[in-house]
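Engineer: build me a model:
(chains A and B)
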Amino acid sequence: MRVSRNKKRSALLMALLLAASIFLSCISGADRVQAAAKGDYYIKINKATNVVTVYKNDGTPYTAFTCSIGHATPLGTFYTPAKYRWWVLDGPCYGQYCTRITGGILFHSVWYYQQTKDSQSYVQYNKLGTTASHGCCRLTVAASKWIYDNCPTGTKVIIFNGTSKDDPLGKPETIKVTGYRGWDPTDPDPENPYKTKSTKPEISVSKKTIAYGSKFGDGNMTCKDSGGFDVTDWVKQEGKVNTKKIGSYPVTYSVIDSFGRTATKKITYKVVDKKPATLTGVKETLSKKCGNTRDMLVGLKAKDAAGKDLTSKIAVYIKTPSSTGYVKCKDRNYTFVESGTYAVKYIVTNPNNGLKTTKKQTIKVINTELPVFTSSDNWKTLKAEAGDEVSWDVFMKEFQRNLQRVRV
Amino acid sequence: MGCIYEGVSAKLAAGKSLNDFVDVTVTNEDGDAATILKGQNYLFEESGTYTITYTVANVEVSEDLIAEHTRKMIVAERPEAEVILDE
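Structural biologist: Below you'll find the predicted structure:
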């Protein structure tokens, strides 16, 4: 009898619960999804950092969202019991893509003034990442929809107080909106004026060649998310560029925007020498003596931006005092045979880019030497006869022969 | 060999010829000196040993940069003309 009486009580209790459930569905006006499976993921909410991290069931971090929780958010482990496409929240206000965590605590979008998609509170949207709710876990529409779509009822949710070290994927950036109310910029609805229906994040790179020694990264890469918001700071970079070393550097950029959409761009940067070679050691003026031979490259140094020695590639052009144009020296050693002013040009071409570097020099050549006498007869004693009248020309020429001619 | 200059030449180390600027001084045994410039002559009236001095200055730079060279010159008596009577 007792057993029979218990069965009756159980049946009565079940009927009451069913009626209550139907009643709740009616007053909510929302789509209620019954728990069916635990799904492929579990979710951890770091109350201290306002970060939601989704893990695969094998423990691998899968994705992360920035949220706003509240001081009233309870700690513990829970299993989602229900979902609602729209749900009436405190206020009243309204949330999209709601997943109940426990009691009155839900995942949901930032709230709306009405159950219309163009009435979201932008003040509250811009608070994402900070503690701001009455206990629920506020998310972007894209994030709350991802949980709604991918985490069935029964999904495990762990709420804890941790640090940023407990957020293995970090804290995703959130875009900021202006105004008082409007569409959630991450709402994938085709009617969303942010036009996110078919767009993807777009990573743009302005230049692929990087000047040697320059600072890499500033303004070279930009990224806009699916809604057209600048999310350059969100982009992750794999591969480094050493601007102190000429060469090619593959770099991969990747980004996951707040819609959960991804973009990847692979770039091979080239660090190149864009400057003319440096040429040092050229003195503007020099003085030399006539007859001096000078190594025209002595003391000179030419190098490219990377420090490669180009001294041997310096070409020397000289304009002598008596000439009107420059002539290229064939030998690095040059003998100054004229007195006067020599004009010298040193030119080195950077083989990396063909740019020329020219330095000018003036060399004053003076003659400080005594003249030199020579005699074809080795200064033999001259012979003449009294009465010979000898001209200056005869003294200067081959004496004896010319004297004979004079006599004749 | 005809193209090689025969005689005295004066030049700078760099190669410039100074021949036209050479002064020739003739000094007799008594020490009397006479300088012959280009275009002038000297008459050896007496026999004896003379000193011939060649002098040239570096006209490009300074008259103080002077080089000189000397040589001896022997002037013999001129044989008297032989008079042959036509008998």
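Engineer: need the phi and psi values for A:N46.
Structural biologist: phi -90, psi 110 (degrees, to the nearest 10).
Engineer: pull the number of nearby residues for it.
Structural biologist: If you count neighbours by other Cβ atoms under 10 Å in any protein chain shown, A:N46 ends up with 23. Every C-beta, even on glycine, is put in place using the N, C-alpha and C of the backbone.
Engineer: who does it form a beta bridge with?
Structural biologist: Applying DSSP bridges to A:N46 gives these bridge partners: A:V51, A:F160.
Engineer: the nearest residue to B:L18 once chain neighbours are set aside: what's it in contact with?
Structural biologist: Leaving aside its sequence neighbours, B:L18 sits nearest to B:A10 (Cβ to Cβ, 6 or more residues apart in numbering or on different chains; 4.4 Å). Counting by Cβ atoms under 8 Å, 6 or more residues apart in numbering or on different chains, B:A10 makes contact with A:371-374, B:17-19, B:21-22, B:54, B:56, B:67.
Engineer: give me the pLDDT value at the residue nearest to A:K38 when sequence neighbours are not counted.
Structural biologist: Distances taken as Cβ to Cβ, 6+ apart put A:G154 closest to A:K38, at 4.5 Å, once the chain neighbours are dropped. What the model reports as pLDDT for A:G154 is 95.
Engineer: helix, strand, or coil at A:K145?
Structural biologist: At A:K145 the chain is in helix, as set by DSSP: H, G, I helix; E, B strand; the rest coil.
Engineer: the one 3 residues further on too?
Structural biologist: With three-state DSSP as the basis, A:Y148 sits in helix.
Engineer: what is the burial count for it?
Structural biologist: Count around A:Y148 with other Cβ under 10 Å applied: 23.
Engineer: quick one: residues contacting the closest residue to it other than its chain neighbours.
Structural biologist: Nearest residue to A:Y148 in three dimensions, chain neighbours excluded: A:Y97, at 3.9 Å (Cβ to Cβ, 6+ apart). If a contact means Cβ under 8 Å, 6+ apart, then A:Y97 has A:83, A:85, A:107-109, A:141, A:144-145, A:147-148 as its contacts.
Engineer: A:V241 now?
Structural biologist: A:210, A:216-217, A:249, A:251, A:269, A:271.
Engineer: and for A:T358?
Structural biologist: A:T358 touches A:345-347, counting by Cβ under 8 Å, 6+ apart.
Engineer: can you list the low-confidence ranges for the chain?
Structural biologist: The chain I'm using is chain A. A:1-37, A:195-198, A:218, A:258-259, A:408 (pLDDT under 70).
Engineer: can you look at chain B instead?
Structural biologist: Within chain B, the ranges that satisfy pLDDT under 70 run B:1-5, B:14, B:86-87.
Engineer: which parts of it are strands?
Structural biologist: Using DSSP state E, the strands found in chain B span residues B:8-11, B:23-27, B:33-36, B:41-43, B:48-58, B:62-76.
Engineer: neighbours of the closest residue to B:D20 other than its chain neighbours, how many?
Structural biologist: Excluding the flanking residues, the one nearest B:D20 by Cβ to Cβ, 6+ apart is B:K38, at 6.3 Å. Number of residues near B:K38 (other Cβ under 10 Å) recorded here: 14.
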